[in-house]
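> kindly generate the corresponding structure for this input.
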Amino acid sequence: MKYFFAIIGLACLFAGCGRQHSGYDRLLRSPDVLFYHVPVGLCEDYPEETTTLKIIRKDMEFLRHSGIDLLRISFGWDAIESERDQYDWHFWDDYVRMAVEEYGITLIPYVCYTPQWNSTGAQDTLNFWSYPPVDYEQFGVFMRALVSRYSRWIKSWELWNEPDISAYWRGSAADLARLVRIGSNAVRETDPEAIVVLPGLAHRTEFTRELFRDHGISPFVDVVNIHNYFETWHPSPVEAIADYVDEIAAIVHDYGDHQSIWMAEVGYSTWRVGARVSDHYQAYYDYEHTLDYQAIDLFKRLSLVAATNKMAAIAWYELKDLPQVEDVIGDNNNRNLGVAYLDHAAKPAAGALMFFNSLFSQPYRGITTELTMRRQPESDSHVVGFENEDGSVILVAWLRTADVQKRGDDVSGEVKDLRQEKIDIVIPRALSGTATLYTELGDATAYEQVERSAAETLVRDLTLEGGKIAILHIQ
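The predicted structure is shown next:
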C-alpha cells in the first residue's frame, strides 16, 4: 500500500480534488471524444428524520480523505413539501452549503417521491409515495422552487429514481414521460445552465426504449442514467455490464440526441446467508459477497463500465452501510452496500475505490478490442484494456466468477475456488517502460514477463487465480 498512498496526491493533480474541479461540464461526454476521464464518485441518501449535521460532516470528511468530490444524493419531494405549498428547507439549506462550500462536492441529486396530498394512491399509507401524482403540474411547481433555491450550488437534476420497477413508480412509461417533461421544463426555465437527467434505470432497458421511441423524451433530457447490481439483485454475471451499456447506447443512438450516459448507482453487497444472496442470485464460491471480494468486484465493475468508452460518470452505491434495524426496500443487501461501515470505518472496497481513481487519473480510452489473447480452450479469463493519454497501458484481468454453466452441483455456497490460468496478452503498441502488477488495493510488484518489439508488446504468463484480480500498468 506504500506506493498507493504516494500517488493519491498525483491523482488530485490529474483528476481534481476538492473544489478546484467541481464544474458540471466534466459530467457530459461528447460523442466524438477519444480520450476521456470518467469521474467516479459515491452515492448516499439522507432521510431528514434520522440524519444529523454530525453524521453529514463525518460523511464529508470520509469523502475528503478518499479524494472523492462527486456525490449522488436524493431530495425528497414528499418530505420537503409534505403539505401543499408548505416547504421545509431547513435540513437541505445546511447540507448543500456544507457539502459545496466547505468540501467542494459536486452534487448530482435525484428528486422524488410523491407526497401523500398529491398521490393517486393516497389511501395506501405505506406506499403512497410510489404512485403517480394527482396533479402532475405540482411537480413542476416544486422543481421551480427547488432549483431556484439551490441553483447557485447545484447544476444537475435527476427526475425520479428507478421508475422501471413498481417499488418506486406504479405508473406507466407514458406517465413517467409526462412527469419528466413537466419537471424538465421547470428546471430549464428556472436555470438554463442546469443538466436534466432521466431517472436512473434499475435494469429494464425496454422501459428506456419506450420512453425514447414511443414517448419522445429525448428533447427533455441531457443524460440517461442507468443502475447496476448484477450478482446481487440480478442473475447476470458482472461481465454482462458491457452488453447492458451497449443496449442503452443503442437506444440513445437510434432515438436520442447524443445524450451522455451515467451509471450513477452501481454496487455489490457484503451480505449473504449461506449461499443465498437475494431472490435473484445464489453464491457458489465461499468468497462471494465478503468484504475482501467486494473490493475486487468494485475494481472489476468500474473497469468494465469505463472500458465501454460510452460512460460519462459513475457513482458507487454507497458511501456507508445502513443501520441493521432501519427499514429498507428490498432485503438486507440494501443495508450492506457501503464502502464503509455505519461508523465510517473503511471496508477494503474504500481502498479499492481510491486506488481505481488514482490509477485512472488521466484521460483514457478502452482498447479491449485491440488486444489479442492467447489462452487455453474454454478459458474462464476476462480481460479489459485501456490506453492512457500519456501512452501507457492498463490491463485488468480475472477469472469469471458467476458462469452458471460451469458451476457444479454443490449448492452450499462454500466451494473453494482453486482455478488458475496463465494467459498471454498481445498489445499492438511499442511500450518501452516498466511494468507494474497491482492488487485491487494498490499493492505493487514489478512484472518482468514482458517482451517488446517495434510493433507490439507481449505480456507473457500472466497468472490469474479464482476470486482474485490482476492489474498491470505498463509505462
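> low-confidence ranges in this protein?
1-22, 49 (pLDDT under 70).
> domains of it?
With domains defined by automatic domain parsing, the chain comprises 2-366, 368-474.
> dump those into CSV; add mean neighbour count as well.
Every C-beta, even on glycine, is put in place using the N, C-alpha and C of the backbone. Formatted as CSV, the domains of the chain follow (neighbours: other Cβ atoms under 10 Å):
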stretch, mean neighbour count
domain 2-366, 19
domain 368-474, 16
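> which residues touch Ala145?
Neighbouring residues of Ala145 by Cβ atoms under 8 Å, 6 or more residues apart in numbering: Tyr87.
> can you map out the strands along the stretch 101-250 of the chain?
106-107, 110-112, 156-159, 195-201, 223-228 (DSSP state E, counting those that start in this stretch).
> tabulate those strands (JSON lines), appending distance to Ala345.
Converted to JSON lines, those look like this (distance: least, Cβ to Cβ, whole Å):
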{"stretch": "strand 106-107", "distance to Ala345": "25"}
{"stretch": "strand 110-112", "distance to Ala345": "28"}
{"stretch": "strand 156-159", "distance to Ala345": "30"}
{"stretch": "strand 195-201", "distance to Ala345": "28"}
{"stretch": "strand 223-228", "distance to Ala345": "26"}
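> go through those strands and name the closest to Val404.
strand 223-228 (18.2 Å; Cβ to Cβ).
> can you dump the C-alpha coordinates of that closest one into PDB?
Coordinates of each C-alpha in strand 223-228 appear next as PDB, following Å, rounded to 0.1, in the frame of the first residue of the first chain:
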ATOM      1  CA  VAL A 223     -28.200  12.500 -19.500                       C
ATOM      2  CA  VAL A 224     -29.500   8.900 -19.400                       C
ATOM      3  CA  ASN A 225     -28.700   7.300 -16.000                       C
ATOM      4  CA  ILE A 226     -28.600   3.500 -15.500                       C
ATOM      5  CA  HIS A 227     -28.000   1.400 -12.400                       C
ATOM      6  CA  ASN A 228     -26.400  -2.000 -12.000                       C
END
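> give the other helices and strands that that strand contacts.
Using 3 or more Cβ pairs under 8 Å, 6 or more residues apart in numbering; DSSP states H and E, the elements in contact with strand 223-228 are strand 156-159, strand 195-201, helix 241-255, strand 260-266.
> the same query, at a cut-off of 6 Å, please.
Judged by 3 or more Cβ pairs under 6 Å, 6 or more residues apart in numbering; DSSP states H and E, strand 223-228 is in contact with strand 195-201, strand 260-266.
> so which of these is nearest Leu464?
So among the helices and strands packed on strand 223-228, strand 260-266 is nearest, using Cβ to Cβ, at 23.4 Å.
> what strands flank that closest one, and is each parallel or antiparallel?
With DSSP bridges as the test, strand 260-266 is paired with strand 223-228 (parallel), strand 313-317 (parallel).
> can you add distance to Asn333 and give those strands back as JSON lines?
Below are these laid out as JSON lines (distance: least, Cβ to Cβ, whole Å):
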{"stretch": "strand 223-228", "distance to Asn333": "13"}
{"stretch": "strand 313-317", "distance to Asn333": "11"}
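> Trp398 is nearest to which of those strands?
Comparison of the strands paired with strand 260-266 against Trp398 by Cβ to Cβ identifies strand 223-228 as nearest, at 17.3 Å.
> tell me the spacing between the residue nearest to Arg84 when sequence neighbours are not counted and Glu81.
Closest residue in space to Arg84, ignoring its immediate chain neighbours: Trp117 at 5.3 Å, by Cβ to Cβ, 6 or more residues apart in numbering. Trp117 sits at a distance of 8 Å from Glu81 (criterion: Cβ to Cβ, to the nearest Å).
> repeat that for Glu210.
Distance from Glu210 to Glu81, by Cβ to Cβ: 29 Å.
> and for Gly140?
Gly140 is 13 Å from Glu81, by Cβ to Cβ.
> repeat for Trp169
18 Å.
> nearest residue to Val147 other than its sequence neighbours?
Using Cβ to Cβ, 6+ apart, the closest residue to Val147 is Thr190 (4.2 Å).
> right, and the one you found touches Tyr150 too?
No: between Thr190 and Tyr150 there is no contact, the gap being 10.3 Å when judged by Cβ atoms under 6 Å.
> tell me which helix or strand Glu61 sits in.
helix 53-66 (DSSP states H and E).
> gap between that helix and the chain center?
Centre-to-centre, helix 53-66 and its host chain are 19 Å apart (Cα atoms, centre = their mean, to the nearest Å).
> perfect, I'm done here.
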